[in-house]
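S.K.: I would like the atomic coordinates for the input below:
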Amino acid sequence: MKLTAACAILLGTQFPGTAQAPPKTPAVGNANSFANLNPLPEVPSGKTPRFPDGRVDFSGVWRPADVFLIEDISLGLKKGETLPLKPEAEKILKARLSNNDPEVNCLPTGVPRLAPYPWRIVETPTHMFFLFEGNIHSFRQIFMDGRAHPPDPDPTWYGHSIGHREGDTLVIDTVGFNDKSWFDFLGHPHTEQLHTIERYNRTSLGELTEEVTIDDPGAYTRPFTVTGSHRLLLHEELLEYVCNENEKDLKHVNGPARRP
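M.R.: Okay, the predicted model is just below:
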């Protein structure tokens, strides 16, 4: 039986496919962070897989390879940069409590946040799907058929996503978010004005990089860009995980929102 994502990190639960030797370089984050308690598997060796027409094949089961998009989004900024929070957004951030985190309450993570569990990319001729093991087995649907965003999309957790390829890079443009998700465990907020541009590159068989530009004039004074990375879990499958089933951990999560 798996725990809620936050408590699993705090207690050091090992996730599928991660029982490997410690990483060769020190993990990023605090002593109890996801990266330190769940060492990365070795990178599967091999060239970037491609379809017969030469397009990069992004499919596979992946897990976060760092804590940037899990614990603290500011860790993904370039060195020397800080998050351009507006005063009203900073006030919201400082008032947030750990037990109000939507992700801890088994709700979707939103974009670009990830739960510390594996996720799968599936591609069809007209769509791409991101299938998440964590939380509520949620998914993202990315339209790859050339359509535009609707003029007035209903606000949702994952927004309305359209994608295209720029050479070997997968580009995903998303609007239409609600304002309920947090960017990380610290509680960095956003508004319904959020607009994200994600750029994915599969640099080898086992490595996927992600660059996300976040534009939210409701909470931030200017757009900013963060990066993250992911590791292929070769021969792994997503497991059934019902976050609310026999849940016993939320009562132990208290105090200000913080990193593990």
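
S.K.: can we go C-alpha only for contacts and neighbour counts from here?
M.R.: Will do.

S.K.: hey, where'd the strands end up in the stretch 1-150 of the chain?
M.R.: Ranges of strands within the stretch 1-150 of the chain are 60-64, 119-123, 127-132, 139-143, based on DSSP state E, counting those that start in this stretch.

S.K.: which of those sits most buried?
M.R.: Neighbour counts averaged per stretch over these are highest for strand 60-64, at a mean of 23; criterion: mean count of other C-alpha atoms under 10 Å.

S.K.: sheet partners, orientation included, of that one?
M.R.: strand 119-123 (antiparallel), strand 224-232 (antiparallel) (DSSP bridges).

S.K.: give me the pLDDT value at residue 254.
M.R.: Looking at residue 254, its pLDDT reads 83.

S.K.: my read: it touches residue 97, true?
M.R.: Yes. Using C-alpha atoms under 8 Å, residue 254 makes contact with residue 97 at a distance of 6.8 Å.

S.K.: of the two, who's got more company?
M.R.: The neighbour comparison of residue 254 against residue 97 (other C-alpha atoms under 10 Å) goes to residue 97, with 17 against 12.

S.K.: re earlier: adding mean pLDDT and distance to residue 192, write the strands of the stretch 1-150 of the chain out as a markdown table.
M.R.: Compiled in a markdown table, the strands of the stretch 1-150 of the chain are given as follows (pLDDT from 0 to 100; distance: least, C-alpha to C-alpha, whole Å):
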| stretch | mean pLDDT | distance to residue 192 |
| --- | --- | --- |
| strand 60-64 | 95 | 26 |
| strand 119-123 | 97 | 25 |
| strand 127-132 | 97 | 22 |
| strand 139-143 | 97 | 18 |
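
S.K.: would CSV of the strands paired with strand 60-64 with distance to residue 249 be doable?
M.R.: Shown next, in CSV, are the strands paired with strand 60-64 (distance: least, C-alpha to C-alpha, whole Å):
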stretch, distance to residue 249
strand 119-123, 23
strand 224-232, 27
